[in-house]
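K.L.:
Next comes the sequence, and after it the predicted model I'd like to discuss.
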Number of protein chains: 2
Amino acid sequence: MAKKKNTDAAKRPEAHLPKGLRDIGPDELRENQAMLAKIRAVYERYGFEPLETPAFEYTEALGKFLPDQDRPNAGVFSFQEEDEQWVSLRYDLTAPLARYVAENFDKLPKPFRRYATGSVYRNEKPGPGRFRQFTQFDADTVGAESVAADAEMCMLAADTLEALGIPRGQYVVKVNNRKVLDGVMESVGLAGDGQAAKRMTVLRAIDKFDRLGDGGVRDLLGKGRKDESGDFTQGANLNDQAIETILKFVKYSVSYYEPTDSELGAGTGIYGRRKIADYQSNLNAWEKLVTDSETGKSGVQELRYMGTLFKSAGYADRIDITAEVVRGLEYYTGPVFEAELLIDAKDDSGQLVRFGSVGGGGRYDGLVERFLGTKVPATGFSIGVSRLQAALAAIGKTPAQTLGPVVILVMDKGELPSYQKMAQTLRSEGIRAEMYLGSSGMKAQMKYADKRSAPCVIIQGSDERAKGEVTIKDLIEGAKAAAAIKDNAEWKAARPAQMQVPEADLVKAVRDILARHTPDQGAA
Amino acid sequence: MAKKKNTDAAKRPEAHLPKGLRDIGPDELRENQAMLAKIRAVYERYGFEPLETPAFEYTEALGKFLPDQDRPNAGVFSFQEEDEQWVSLRYDLTAPLARYVAENFDKLPKPFRRYATGSVYRNEKPGPGRFRQFTQFDADTVGAESVAADAEMCMLAADTLEALGIPRGQYVVKVNNRKVLDGVMESVGLAGDGQAAKRMTVLRAIDKFDRLGDGGVRDLLGKGRKDESGDFTQGANLNDQAIETILKFVKYSVSYYEPTDSELGAGTGIYGRRKIADYQSNLNAWEKLVTDSETGKSGVQELRYMGTLFKSAGYADRIDITAEVVRGLEYYTGPVFEAELLIDAKDDSGQLVRFGSVGGGGRYDGLVERFLGTKVPATGFSIGVSRLQAALAAIGKTPAQTLGPVVILVMDKGELPSYQKMAQTLRSEGIRAEMYLGSSGMKAQMKYADKRSAPCVIIQGSDERAKGEVTIKDLIEGAKAAAAIKDNAEWKAARPAQMQVPEADLVKAVRDILARHTPDQGAA
């Protein structure tokens, strides 16, 4: 018999998820819904319309346009259809947008402005906080050549963060332009297809300025760099003058300063309240660096115009024109932007976490062209929803948790229909309620109510029934009282947080308890 | 050159979706969100907690438990991980729930009550209205043996339909019990593993009662049936007495009647306002049919108890105990239920569509047992979201459509920063607004505003600017006026639905227009 059981157990599948996937429980899900609703409201206000595309598409239609990724042929979940065509799970929301725009080009308003949110899938090595399924929230404007469309994306990013409760000064939207960097690289002799690999090395080096500082980046632009572990990274092998020029470009815009104590909130810190750079002086300097590169000059011009738009609309104190943004620079073709939180918080193990970038985007021209053969200018901004949500949770900007249901205990199985009726009565009044549906006794039922975070339980034994009454135990008040009253006899005598009311007054009595424990009421 | 272009075009991917997938546009998406929010509110009220599991799982963990499906080895999208393990897109929300419960069994409250919504994927032949990705909305109670949990699912279904605006009498929740049918089949000699195939044939035959009536089902229970196209379906080959007994069971509960004219709503019809059967007489009759089958008797007993619960909680007029429900009977192990709309509506081509079943569920015992080796009773209800949404749309129970954004026209490119500022001002007051971001002239801009369903456009040319004013064109009012005024000269003289206001009054003037066109205002 035991043997048979073992055999059975061996045949049973293991209940677990593939690596890099996770379940999301009620508190996080509710926070997520509240957050998405707030983001959605801002995007709607900006005139974007929602669109939902399927989870997978023809692999050929999605293409291999993973931004932020040096290995364009990996990272996608693919499978074959019965007719042998390959389909892939979407790895972002932009590639499906390109397919949608190309498919519906003639009937769409132009510019076409849509927002979308949903899961995307990356077949990559998962790590801590790095999942293979995660949520993005994107806005894109397709068919607008003017960088006014890019400027608007930056303002959208700022408004979204503020709508989520991040105060001005605790975030920054950073803007760069691929064209300026191209101009700088041209000016130091890195123009042309033959030098594409070298340009990529330069981009990657600049990307590390925050972490490695001047010295480290200098090494990476030159012969290369050995890190603490002894690993050697090959450099771009630029000459000293070229290195100097590129570093000048980078350093013109790095202007952090350490916050004073009074600027740091209690418990959570602003790690680098940012002095927004004077973009005019930045741009004047960059103009010199790009010398006579037409691309470079047009890039500076575009940023100058964006600066004018920020200023005129009142956003100049939130958006910084800076060379630091290099995320996806090999993918974007014009302005590039990134939204960064200037906040840190302690994680569960007490360690300080800087949240950094929570979203980014930029201008790209190639996506729709793949299908239609004509260039269609486009710009977009994408939020990493989980990262932003983690930041909001850490700094206490998430909504109050929902109270559990009122639990009606089953004291007498024969009376179950009348308990069920109580549950329906409470529900019909809009109150979260349930009758205990298991088969255990009183003690287990109370434990269940605790586990469900029930604000109160309803009890009707034969005594109460004879009197037409119910007993209501306020579990939240009760827990507080239990902490105060240590003596068991005293407890029994006082029976705090418990009352007997006529059955007809059930709804009113429960409402009173809920009102007492609803956070807004408490604050008022 | 032309040749080169052709070659390029040939290399370009086609912008289209794999069959059975679709994009969802703004109106349908907003309706969907509003609907899901209403369903969610009811499920929360019932005490269910939300849970989200990933889109795919180990194939082995999902198992092959497709309900409603005779070919359990097909229908799933699967792909191989790098470590060669197979993973599959979820085909429903119940299989992932079973994995989740098994994985977290010790720490979950018991019973465990969760709701979930999300896309599920079926690798099946798509058809009209039949997609390979669609949305379900599920509630399940795991670990409750009492059919009180099943009764609650039926009440949940009724409350959900009413919360969505379907009036009582225009829907019915039907309940059957697999055990009763098993009992009837036992009583006519169809017990035992050897007769499983025959029982399946019986189940399928009963399923067609609505469509084929007494005669057709009689054929299918007997030698077989030839349909109008000449196709022959093999029958169950039961003897006459067995056929009679089974038909008796079915017919005891079919009690439609045709509605009177006054019962039919204007425009939409109730095709069979249902007389809810007297479940007592039904059950008394069934009790005789199952003779001494213990399974059958216990099934009748369970339904009797559910009837008591419905009556006591005030749901007896919405829930019908009837033998008609056979959906998934080979999958469920106890009570089975189905929510059906008794409404029809004309589709786009004027054809009458009956919506029928919009959700169903029942009791199942095997799912968690697969992992843990012990039986864990469970019951659930699942809504087919798209079908329900289509029904709501057809009968006009969807929310009013969102107005498009106010569009600020670009009359003078040099003034773009001030137009952008207007957009930001409107947005900061919570008004949907955007500056036109394309590069076309006035006429195309007006066309764009129309296409975006803009309630109004804002115009500031040099004249208005000199006076510090803006012109606001009310497009909705304008369209009405245009229909009334045919003469062009008269139109120009009147310039209806157009006004000039100081720039400082922009927000107030736009608000007035929006108030005029917001459906609720119109109704008041």
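P.N.:
Yep, it's here. Numbers count the residues shown, from 1 in each chain, chains lettered A, B, ... in the order given.
K.L.:
which residue ranges form the strands in the stretch 151-300 of chain A?
P.N.:
A:171-177, A:224-226, A:232-234, A:269-270 (DSSP state E, counting those that start in this stretch).
K.L.:
right, so of these, which gets closest to chain B?
P.N.:
Closest approach to chain B among these is made by strand A:171-177 (14.3 Å; Cβ to the nearest Cβ). Heads up, the C-betas are built off the backbone N, CA and C, glycines and all.
K.L.:
Give me the neighbour count for the closest residue to A:Val250 other than its chain neighbours.
P.N.:
In this structure, A:Val250 finds its nearest non-sequential neighbour in A:Ala323, 5.0 Å apart by Cβ to Cβ, 6 or more residues apart in numbering or on different chains. Using other Cβ atoms under 10 Å in any protein chain shown, the number of residues around A:Ala323 comes to 26.
K.L.:
does A:Ala323 really touch A:Leu181, like I thought?
P.N.:
Yes: at 7.4 Å, A:Ala323 and A:Leu181 qualify as touching, with contact defined as Cβ atoms under 8 Å.
K.L.:
Could you tell me which residues touch both of the two?
P.N.:
Shared contacts of A:Ala323 and A:Leu181 (Cβ atoms under 8 Å, 6 or more residues apart in numbering or on different chains): A:Ile206, A:Phe249.
K.L.:
Wasn't A:Asp512 part of a helix?
P.N.:
Yes: per DSSP: H, G, I helix; E, B strand; the rest coil, A:Asp512 lies within a helix segment.
K.L.:
Walk me through the domains of chain A.
P.N.:
Chain A breaks down into these structural domains: A:26-394, A:406-522 (assignment by automatic domain parsing).
K.L.:
and the shortest one with chain B, contact?
P.N.:
I take that to be domain A:406-522. Yes: against chain B, domain A:406-522 shows contacts by Cβ under 8 Å from any Cβ of the partner chain at A:407, A:416-418, A:420-421, A:423-424, A:427, A:430-435, A:437-439, A:448, A:451-452.
K.L.:
Just the ones of those in helices?
P.N.:
Using DSSP state H, the members of the residues of domain A:406-522 next to chain B that fall within helices are A:Leu416, A:Pro417, A:Ser418, A:Gln420, A:Lys421, A:Ala423, A:Gln424, A:Arg427, A:Tyr448, A:Lys451.
K.L.:
Most neighbours among those, which one?
P.N.:
A:Ala423 (27 neighbours).
K.L.:
Might one say that that one is in contact with A:Tyr436?
P.N.:
No: using Cβ under 8 Å, A:Ala423 is not in contact with A:Tyr436; the gap is 9.6 Å.
K.L.:
Please enumerate the shared neighbours of those two.
P.N.:
In contact with both A:Ala423 and A:Tyr436: A:Ile408, using Cβ under 8 Å, 6+ apart.
K.L.:
residue of the stretch 251-400 of chain A with the smallest distance to chain B?
P.N.:
A:Ser312 (3.7 Å).
K.L.:
excluding its backbone neighbours, what's nearest that residue?
P.N.:
B:Pro417 is the one closest to A:Ser312 (Cβ to Cβ, 6+ apart), at 3.7 Å.
K.L.:
Pull the contacting residues for that neighbour.
P.N.:
Applying Cβ under 8 Å, 6+ apart, the residues contacting B:Pro417 are A:Thr308, A:Leu309, A:Lys311, A:Ser312, A:Ala313.
K.L.:
What is the nearest of those residues to B:Asp140?
P.N.:
A:Ala313 (49.6 Å; Cβ to Cβ).
K.L.:
Could you check the pLDDT of that closest one?
P.N.:
You'll see A:Ala313 listed with a pLDDT of 94.
K.L.:
Now do the contacts for it.
P.N.:
A:Met155, B:Pro417, B:Gln420, B:Lys421, B:Ala423, B:Gln424.
K.L.:
May I ask which two of these are separated the most?
P.N.:
The widest separation within the contacts of A:Ala313 (Cβ to Cβ) is 12.2 Å, between A:Met155 and B:Pro417.
K.L.:
pLDDT weak spots in the stretch 401-524 of chain A?
P.N.:
A:491-496, A:519-524 (pLDDT under 70).
K.L.:
could you pull out the strands for it?
P.N.:
So, for the stretch 401-524 of chain A - with DSSP E, counting those that start in this stretch - the strands run A:406-408, A:433-435, A:456-459, A:469-474, A:498-502.
K.L.:
What are the buried residues along the last one?
P.N.:
So the one you mean is strand A:498-502. A:Gln498, A:Met499, A:Val501 (16 or more other Cβ atoms under 10 Å in any protein chain shown).
K.L.:
And stretch A:337-356, by the same measure?
P.N.:
Those would be A:Phe337, A:Glu338, A:Ala339, A:Glu340, A:Leu341, A:Leu342, A:Ile343, A:Asp344, A:Ala345, A:Val353, A:Phe355, A:Gly356, for stretch A:337-356 by 16+ other Cβ under 10 Å.
K.L.:
circling back: pretty sure the residue nearest to A:Val250 is in a strand, no?
P.N.:
No: read with three-state DSSP, A:Ala323 is coil and lies in no strand.
K.L.:
A:Pro399 - how many residues pack around it?
P.N.:
So A:Pro399, with other Cβ under 10 Å, has 15 neighbours.
K.L.:
How about it: what's its closest non-neighbour residue?
P.N.:
A:Ala34 (4.7 Å).
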